[in-house]
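Visitor: Compute the structure for the input listed below.
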Amino acid sequence: MKILAFCISLVVLAAAASAAEKLNVLQIISDDLCARLGCYGDPVVKSPNIDRLAARGVRFDRAYCQYPLCNPSRASFMTGMRPDTTGVYENATQFRKNVPEAVTIPQSFQKAGYSVARVGKIYHYGVPAQIGTDGLDDPASWDKVVNPKGRDVDDRTMIEVLERTPEGTTVTTTGKELKDMGGTLSWLAADGEDGEQTDGKIAAAAAGMLEERAKDGKPFYLAVGFFRPHTPYVSPKSYWAMYPPEKIRLPFVAGNLAELFPAPALATRKPVELGMSDDLRRRAIQGYHASTSFMDAQVGVLLDALDRLHLSKNTIVVFHSDHGYHLGEKGLWQKLTIFEQAARVPLIIALPDKTNGGKTCSRTVELLDLHKTLTELCGVAADAKTEGDSLKPLIENPVAPWTHAAFTQVSRGGKNAQGGPIMGRSVRTERWRYTEWDQGHAGVELYDHDADPEEMKNLASDPQHAADVAEMKARLPK
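Guide: Numbering: from 1, shown residues only. Presented below is the predicted three-dimensional model:
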C-alpha cells in the first residue's frame, strides 16, 4: 500500500509540474474598436491600461481583420478559417451551419487539457438586443460561459438615437427599442458606476474566473469579450468628461467623393449620418471615445487581477478588436468598408517573459493568424484545417523577414455573374492597399500608404503605377 501511495503521489506531482509549465491564455476582445488608442499614437484618446499592456508586449501596427463585420470576422479568427471557407458574410449565420467540423481556438486548448471559458461577446451577439443571451455562441467551444447584463440595457429608453425627420434633417430621439440601436449611431452619458454596466460586470466575472484558476492551478484559456465601444456608446459620465466636444476635431470630408472612389466603396453611407450637424458629429465621436476609455478601464481590472493573483508570470495576454471603425472619414461611419479605418485593428500580444516588451511590429498580419499563434506559443496542436500563419517569429523578433500580405473582403448587395455575392476584396502589404470590386468589374483601387496614409488618391488608373497594380492584383486570392 505504501508503494502504491508513493506511486500515486509521484503521478500527482508530475501532473502538477506539467500544469505549472503550461502557459495560460487570456484573450481580450473589444467590439468595433479602431486603432485609435494612446499606444497607437492617437493624441486624444486615453487608454492607459491597453497602453501598459503594449508596454510589456508586441504591438502590431499593421494588423487587419478578414471581414469588417462582427459575425464574419469572429467566425474567421476563432476558427482560423477565412470567410470564404466559413461561408459567413453577414450577422445571421452561425458558422457551424457551414463548417460543422471546424475546430475553434478554445477547442484546440480544450483538447490539450486546458480549462476553457468565456465571459461576454466572443462569437456574434446582436448589440444591444442580445446582451445577456448566448447570441450566436458556439457551445462546443466552452466548459463554462457567463453572459452578464448591466444597466446599459435597462436604461435603453434614455439612449439618444439618430433619426431622420420627414423634413430631411437629422436629430436624436429617445425611447427606441433595443433592436433599433445596434446599427444606428446612438449614445448615453450614463449615471452610476462602472460595475453597473455590462462591461463592468464582464470584467468582474472574468476576474472571478481568474481567481478560481489561481486556486486550482489548472492551465486555462479564458476569452473575455467587451461590448464597447460598439454603438450605442454607453459609459458613465466621468468618461464623457474626458472629451469636451469643443476640443474634438472633425475629419475633413471632400466634396467630390463620388469622383474619387468607386461607388461600392462608399455604399455604406447613410442619409441619417450624412445629415448630421457638426455638433452631432462631435457628440458621436465624444461618445465613442468615452466608451473606448470605459472599456480600457475594464481591461485594467483584468490586468490588475493577473498581477494580484501572480498569474502574469505564466499567462499570455492578447488584446484585439473584431474590426476597425469609421468616425466620419469620407463621410463614413461604423464598419463594412475595406478602407484602412475599418480593416485595420489594434492587436497586442504580451508574453510573460516581457522579452520584447514595448516593441512594435510593422509587418502586415491578420486576425486569422491568432489560432496558429496562440497554439504554437503554448505548445498546443492546431487543427490541420486552420489557415493563417503563426506570428511567433514576429513576437520573438518584430523586424524578422515576413512576406505575408493581409486580406480583407466585404460583400455588397446584388449578385455577380456566377450567382454569388458582389464582393470587394482587398490585399494590404506594408506599402500598398489594392482593392477590386466584383473582380474589378465594379471598380479598382490602389493606395500608396507611404505617400497617402488616408487613402485619398486612387492610383489604380495611373499608367505610372501599372506595374504596381499588376503585382498587387496577382496577390489577390483567385
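
Visitor: Go through this protein and flag its longest helix.
Guide: Across the chain, the helix with the greatest residue count (assigned by DSSP state H) is helix 278-308.

Visitor: buried residues in that helix?
Guide: Judged by neighbour count using 16 or more other CB atoms under 10 Å, the buried positions of helix 278-308 are 280-303, 305-306. In short, each C-beta sits where N, CA and C put it, glycine included.

Visitor: Spit out the contact partners of residue 178.
Guide: 128-129, 153, 156 (CB atoms under 8 Å, 6 or more residues apart in numbering).

Visitor: Once you drop chain neighbours, what's closest to it?
Guide: Nearest residue to residue 178 in three dimensions, chain neighbours excluded: residue 129, at 4.1 Å (CB to CB, 6 or more residues apart in numbering).

Visitor: and that neighbour, how far is that from residue 419?
Guide: Using CB to CB, to the nearest Å, one gets 32 Å for the distance from residue 129 to residue 419.

Visitor: between the two, which one's more packed in?
Guide: residue 129 (17 against 6; other CB atoms under 10 Å).

Visitor: Wait, a helix at that one?
Guide: No - secondary structure assignment (DSSP: H, G, I helix; E, B strand; the rest coil) places residue 129 in coil, not in a helix.

Visitor: Per-residue pLDDT of residue 447, please?
Guide: According to the model's per-residue confidence, residue 447 sits at a pLDDT of 98.

Visitor: just to revisit the earlier point, any idea which of the contacts of residue 178 is closest to residue 359?
Guide: For residue 359, the closest of these turns out to be residue 128, at 36.9 Å, with distances computed as CB to CB.

Visitor: Determine the number of other residues adjacent to that closest one.
Guide: The number of residues packed near residue 128 is 23, by other CB under 10 Å.

Visitor: what are the ranges of the strands in the stretch 201-350 of the chain?
Guide: Using DSSP state E, counting those that start in this stretch, the strands found in the stretch 201-350 of the chain span residues 220-229, 233-236, 315-321, 326-327, 333-334, 344-350.

Visitor: so which of the ones you listed gets nearest residue 269?
Guide: Shortest separation from residue 269 across those is recorded for strand 333-334, at 8.1 Å, computed as CB to CB.

Visitor: so what does that closest one touch, helix or strand wise?
Guide: Of the remaining helices and strands, those touching strand 333-334 by 3 or more CB pairs under 8 Å, 6 or more residues apart in numbering; DSSP states H and E are strand 326-327.

Visitor: Run me through the strand neighbours of the strand it packs on, direction for each.
Guide: When sheet partners are counted by DSSP bridges, strand 326-327 sits next to strand 333-334 (antiparallel).

Visitor: how about the strands of the stretch 201-350 of the chain in TSV, adding mean pLDDT, mean neighbour count and distance to residue 404?
Guide: Converted to TSV, the strands of the stretch 201-350 of the chain look like this (pLDDT from 0 to 100; neighbours: other CB atoms under 10 Å; distance: least, CB to CB, whole Å):
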stretch	mean pLDDT	mean neighbour count	distance to residue 404
strand 220-229	98	26	25
strand 233-236	98	28	35
strand 315-321	98	23	17
strand 326-327	98	20	26
strand 333-334	98	24	28
strand 344-350	98	25	14
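
Visitor: Same list, those strands, but as a markdown table with distance to residue 429 please.
Guide: Written out in a markdown table, the entries for the strands of the stretch 201-350 of the chain read as follows (distance: least, CB to CB, whole Å):
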| stretch | distance to residue 429 |
| --- | --- |
| strand 220-229 | 29 |
| strand 233-236 | 33 |
| strand 315-321 | 20 |
| strand 326-327 | 22 |
| strand 333-334 | 26 |
| strand 344-350 | 13 |
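
Visitor: Nearest to residue 412, out of the ones you listed?
Guide: Evaluated over these, closeness to residue 412 peaks at strand 333-334, with 15.4 Å, by CB to CB.

Visitor: Could you check how far that closest one is from the centre of its chain?
Guide: Strand 333-334 has its C-alpha centroid displaced from the chain centroid by 15 Å (CA atoms, centre = their mean, to the nearest Å).

Visitor: what does stretch 432-452 give?
Guide: On CA atoms, centre = their mean, the centre of stretch 432-452 falls 23 Å from the chain's centre.

Visitor: List of residues touching that stretch?
Guide: Residues contacting stretch 432-452 (CB under 8 Å, 6+ apart): 261-265, 338, 340, 412, 416, 422-427, 430-431, 455, 457-462, 465, 468-469, 472-473, 475-476.

Visitor: Need phi/psi at the closest residue in space to residue 138 that isn't next to it in sequence.
Guide: The shortest distance from residue 138 to any residue that is not its chain neighbour, by CB to CB, 6+ apart, is 5.5 Å, and that residue is residue 123. Residue 123 adopts backbone torsions of phi -80, psi -180, taken as degrees, to the nearest 10.

Visitor: Residue 123: what's it in contact with?
Guide: 71, 74-75, 78, 94-95, 135-138, 141.
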